[in-house]
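[1] coords below, sequence missing:
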């Protein structure tokens, strides 16, 4: 019997995955499951903020910042270089479906953390969450780091939860890095399309 | 009249710009699609190759001691050859290079498209390239292998094993299930048609009064070929994708009032839907209880379409009367050809690629997952194929879209904005499902 508030150990995680109470898709190999953690990989879409796009972000009202982001979608063999002190939004490749009695945190794996690549805030995954959590990656080191889709960069620490009240979230069902629509704009506007031509 | 020297200078400038475009695209190497990387690799050989070849031949003329007028004529011929080569392949190459970065296209389904193109052209195994168009333009074009063309410009017309095939798509729709169904169904249907030569071999019966004069005959035959090739692509789409092939008609969503409108290039959506419903019924999809009401609703908008006279937009380039006469002469002949075309396409589709209603239970299982906000690319640790995923998403769009509402806090889905949000979420879930499926295949 797992007590509320406890980190779920390896056996509990394997059981939760096997019974599909907890879903991680694609299913992680068993060696990626450890006591309390499941290793996760990077998705293929990244958002990088344009450094000079706004003067500053008001912490009181970050929603009004209008930071310009540039999107990079990578093929499986593609890669992205994160410069020292650069901030990149990514997401996990794995899609998580968390039951009402589990919750979790996503943090960077320690080996990469020591090279300087950290997940700036441990993403909280609430009970009932469905989606690919957004990762706020920072290269805190002095050397550029190359990342690529499916790199094993972070781990999902799973806890038991109790008395959780379900509330709809705008980040529910996310499959790529998400930012509030009001607080950002695209660095490069997609080209205008001519609506008159619909031939296929 | 320009001298050969002036033409040589203009050519040098054009080739310089082409080389620059290739070099700029190569600069973003990490963010290119697989197909574009391959094209760039070949263009890097082609452009210097053309320049070297041109200079060698130009210098040979100079060194041959000919009289000036003969030398000028030969140089002009040389310029014309290269000008033709550039005008044949240059514009398409530039469009592809400019729109082919991985951010502009559904790079997530690139491997899937390549696999299906290889299956459609088993002996040629063409390389596929996706590129974004600034227009709502969906098309597929063969890109001749630049090295072959360099060897002999007339090779541009010959299909070879090393050709590429470029799919144009509108960037704003790159994540949409409808677009993915178009690429994997209708557009690859064209590729399969080129390979199996169903359209090329089909002989339309020409009504007596369209056999001459020559320009009347040409109008009838060209128009007929274009329509037949679109219908053959639709048939292949239905045979290989099943019901989701119906999503390859954007007009259903975008121009509901113009379902009956024909054009020189495409039969009206209503005619195409009628044919597609018939192909799907022939495959047995009409017997699936969950599908019956949906297929019937499509059938209602297309019923009797082939018995209607041609309905053309009024901005055609030439006499509308002649076009109407031609269209009305063509429609019964094309309609009579459809059963034979269906049969030829069916015979030209490998049994393992043929869509079947027997797999519908798997589609329903996948759609149950999507309706609960869960990607459906994996089943018991195994990948689920893209046809099942796309049909599951199509089925949700057609019959169960509202079920996604509560997951996003939308209780009464009533506004266009709500419907747009649900459709977009579903598109992304389906795309994620394909990504998951592809990652499992690659293991």
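    Received it, and whenever you're ready, just let me know what you need. Everything numeric here is computed off the predicted structure, so don't read it as measured data.

[2] off-centre distance for stretch B:179-192?
    Distance, stretch centre to chain centre, for stretch B:179-192: 5 Å (CA atoms, centre = their mean, to the nearest Å).

[3] what about it, how long is it end to end?
    Across stretch B:179-192, the terminal residues are separated by 18 Å (CA to CA, to the nearest Å).

[4] longest helix in chain B, please.
    For chain B, the longest helix by residue count, based on DSSP state H, is helix B:68-99.

[5] and the helix or strand following it, what does it pack against?
    Next along the chain after helix B:68-99, taking DSSP states H and E as the criterion, comes helix B:110-120. Packing partners of helix B:110-120 (3 or more CB pairs under 8 Å, 6 or more residues apart in numbering or on different chains; DSSP states H and E): helix B:34-63, strand B:127-133, helix B:188-196, helix B:416-442. Quick note: C-beta positions are derived from backbone N, CA and C, even for glycine.

[6] let me know which of these is tucked in deepest.
    Most buried of these by mean neighbour count (mean count of other CB atoms under 10 Å in any protein chain shown) is strand B:127-133; its value is a mean of 25.

[7] in its sheet, what does the helix or strand that that strand is followed by sit against?
    Following strand B:127-133 in sequence order, the next helix or strand is strand B:139-143 (DSSP H and E). Here strand B:139-143 has these sheet partners by DSSP bridges: strand B:164-170 (antiparallel).

[8] what about the strand it pairs with, distance to the chain center?
    Centre to centre, stretch against its chain (CA atoms, centre = their mean), the figure for strand B:164-170 is 6 Å.

[9] for it, which positions count as buried?
    By neighbour count on 16 or more other CB atoms under 10 Å in any protein chain shown, the buried set for strand B:164-170 is B:164-170.

[10] where does residue B:149 fall, secondary structure wise?
    helix B:146-151.

[11] okay, now the unreliable bits of the stretch 251-400 of chain B?
    Residue ranges of the stretch 251-400 of chain B with pLDDT under 70: B:251-257, B:314-320.

[12] now the helices for it?
    For the stretch 251-400 of chain B, the helices defined by DSSP state H, counting those that start in this stretch cover B:269-283, B:292-302, B:320-347, B:360-371, B:386-395.

[13] deepest in the core, which of the ones you listed is it.
    Among the helices of the stretch 251-400 of chain B, highest average neighbours (mean count of other CB under 10 Å) belong to helix B:386-395, with a mean of 27.

[14] which strands and helices lie in contact with it?
    helix B:177-181, helix B:214-241, helix B:360-371, helix B:416-442.

[15] again, only this time at 10 Å
    For helix B:386-395, the elements it packs on are helix B:110-120, helix B:177-181, helix B:214-241, helix B:360-371, helix B:416-442, judged by 3 or more CB pairs under 10 Å, 6 or more residues apart in numbering or on different chains; DSSP states H and E.

[16] how far is the third one from where the chain is centred?
    The chain centroid and the centroid of helix B:214-241 are separated by 14 Å under CA atoms, centre = their mean.

[17] same question for the second one.
    The chain centroid and the centroid of helix B:177-181 are separated by 12 Å under CA atoms, centre = their mean.

[18] next one: the fourth one
    Offset of helix B:360-371 from its chain centre (CA atoms, centre = their mean): 27 Å.

[19] does chain A sit close to that helix?
    Yes: Helix B:360-371 lies within reach of chain A by CB under 10 Å from any CB of the partner chain, at residue B:369.

[20] what packs against that helix?
    In this structure, helix B:360-371 packs against strand B:378-379, helix B:386-395, helix B:416-442, with contacts taken as 3+ CB pairs under 10 Å, 6+ apart.

[21] can you redo those as a markdown table with distance to residue B:280?
    Compiled in a markdown table, the helices and strands packed on helix B:360-371 are given as follows (distance: least, CB to CB, whole Å):
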| stretch | distance to residue B:280 |
| --- | --- |
| strand B:378-379 | 24 |
| helix B:386-395 | 11 |
| helix B:416-442 | 20 |
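
[22] not counting sequence-adjacent ones, nearest residue to residue B:367?
    Excluding the flanking residues, the one nearest residue B:367 by CB to CB, 6 or more residues apart in numbering or on different chains is residue B:392, at 4.0 Å.

[23] quick check, that neighbour in contact with residue B:368.
    Yes: with contact defined as CB atoms under 10 Å, residue B:392 reaches residue B:368; the gap is 8.5 Å.

[24] overlap in contacts of these two?
    Taking CB atoms under 10 Å, 6 or more residues apart in numbering or on different chains as the criterion, residue B:392 and residue B:368 both touch B:376, B:400.

[25] could you check which residue of chain B lies nearest chain A?
    residue B:409 (2.7 Å; CB to the nearest CB).

[26] burial count for that residue?
    11 (other CB atoms under 10 Å in any protein chain shown).

[27] got a pLDDT number for it?
    With respect to pLDDT, residue B:409 scores 82.

[28] equivalent analysis for residue A:170, please.
    At residue A:170, the predicted lDDT confidence score is 66.

[29] the top strand by length along chain A close to chain B?
    Criterion DSSP state E: the longest strand present in chain A is strand A:152-160. No: figure legend: strand A:152-160 not in contact with chain B (CB under 10 Å from any CB); closest approach 12.9 Å.

[30] buried ones in that strand, by neighbour count?
    Those would be A:153-160, for strand A:152-160 by 16+ other CB under 10 Å.

[31] which helices and strands does that strand pack with?
    Judged by 3+ CB pairs under 10 Å, 6+ apart, the packing partners of strand A:152-160 are helix A:10-18, strand A:33-34, strand A:37-41, strand A:102-108, helix A:110-115, strand A:117-119, strand A:123-125, strand A:134-139.

[32] please list the residues outside stretch B:72-85 that contact it.
    With contacts defined as CB under 10 Å, 6+ apart, stretch B:72-85 is touched by B:1-8, B:10-11, B:14-15, B:46, B:50-51, B:53-54, B:57-58, B:60-62, B:64, B:66-67, B:90, B:146, B:149-150, B:153, B:156.

[33] neighbours of residue B:226, how many?
    Residues within reach of residue B:226, counting by other CB under 10 Å, total 16.

[34] do the same with residue B:218
    Here the number of neighbours of residue B:218 (other CB under 10 Å) works out to 11.

[35] contacts only, for it.
    residue B:210.

[36] on that earlier part again, and of the helices and strands packed on strand A:152-160, who's closest to residue B:189?
    Minimum separation from residue B:189 across these (CB to CB) falls at strand A:37-41, 34.9 Å.

[37] in its sheet, what does the closest one sit against?
    Assessed with DSSP bridges, strand A:37-41 is paired to strand A:33-34 (antiparallel), strand A:152-160 (antiparallel).

[38] now these as a markdown table including mean pLDDT?
    Output for those, formatted as a markdown table (pLDDT from 0 to 100):
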| stretch | mean pLDDT |
| --- | --- |
| strand A:33-34 | 92 |
| strand A:152-160 | 94 |
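
[39] picking up where we left off before, angle of the longest strand of chain A against strand A:134-139?
    Per axes from the mean of the first three to the mean of the last three CA atoms, to 10 degrees, the angle that strand A:152-160 makes with strand A:134-139 is 130 degrees.

[40] now strand A:152-160 and helix A:10-18, what's the angle there?
    Interaxial angle, strand A:152-160 versus helix A:10-18 (the same axes, to 10 degrees): 100 degrees.
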